[in-house]
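[1] Structure for the following, please:
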Amino acid sequence: AVVSTQSTGDLSRLNVAFKRITCNVSFKDESSSNCFIERVMLHEPHFWKKVKCAWHNLFMSAYFGDSLYKKDIGVLFVKNYSGVFRSFLEDDKVREFPYCIISLTVQLFTVPSISTMLTAAAAILGFS
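    Model prediction:
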């Protein structure tokens with residue numbers, strides 16, 4: 001048997017580092033089109049249920065667990081809202097499965113500081 005000498009604190013720091021790396025890679029714009037996380041948002045209705053669940057868990061733990069990334073994901077969500085909502089309406093399977101990207105709106109629009117910032121971002125992006 002292998003005995004780990006890492007303490008809980010070491011594992012916690014690794015977890016935080018992994019989340020930060022995941023967020024940095026997800027928001028990286030590889031081309032002139034959408035970044036990776038935008039593509040996930042827009043194509044989420046085409047994912048299998050297990051993949052949707054995994055993305056939901058990642059959104060909750062990594063992106064929404066850090067206020068900086070929560071704001072960034074909020075801006076991307078506002079920017080792509082019409083496409084995300086259209087996909088939600090067209091996805092006939094989503095009503096029977098609670099883990100969809102649109103269900104995360106409560107995490108963005110009910111926090112006063114985030115919703116105020118997103119309102120300003122929407123105005124800058126020309127959505128108001």
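
[2] tell me the SS of the residue nearest in space to the middle of the chain?
    By CA atoms, centre = their mean, the chain has its centre lying nearest to residue 59, at 4.2 Å. Recorded secondary structure, residue 59: helix (DSSP: H, G, I helix; E, B strand; the rest coil).

[3] Residue 99 too?
    coil.

[4] nearest spatial neighbour of the residue nearest to the centre of the chain, skipping sequence neighbours?
    Among residues not flanking residue 59 along the chain, residue 104 sits closest, at 5.8 Å (CB to CB, 6 or more residues apart in numbering). Yep, even glycine has a C-beta here, placed from its N, CA and C like the rest.

[5] gap between residue 42 and residue 101?
    Distance from residue 42 to residue 101, counting by CB to CB, to the nearest Å: 9 Å.

[6] hmm, back to that, now do the contacts for the residue nearest to residue 59.
    Shown in contact with residue 104 (CB atoms under 8 Å, 6 or more residues apart in numbering): 56, 59-60, 64, 77.

[7] Of residue 42 and residue 101, which one has the most company?
    residue 101 (24 against 16; other CB atoms under 10 Å).

[8] isn't the more buried one right next to residue 41, touching?
    Yes. Applying CB atoms under 8 Å as the test, residue 101 and residue 41 come out as touching, 5.4 Å apart.

[9] quick one: low-confidence ranges for the chain?
    In the predicted model, the chain carries pLDDT under 70 at residues 1-14, 29-32, 92-97, 124-125, 127-128.
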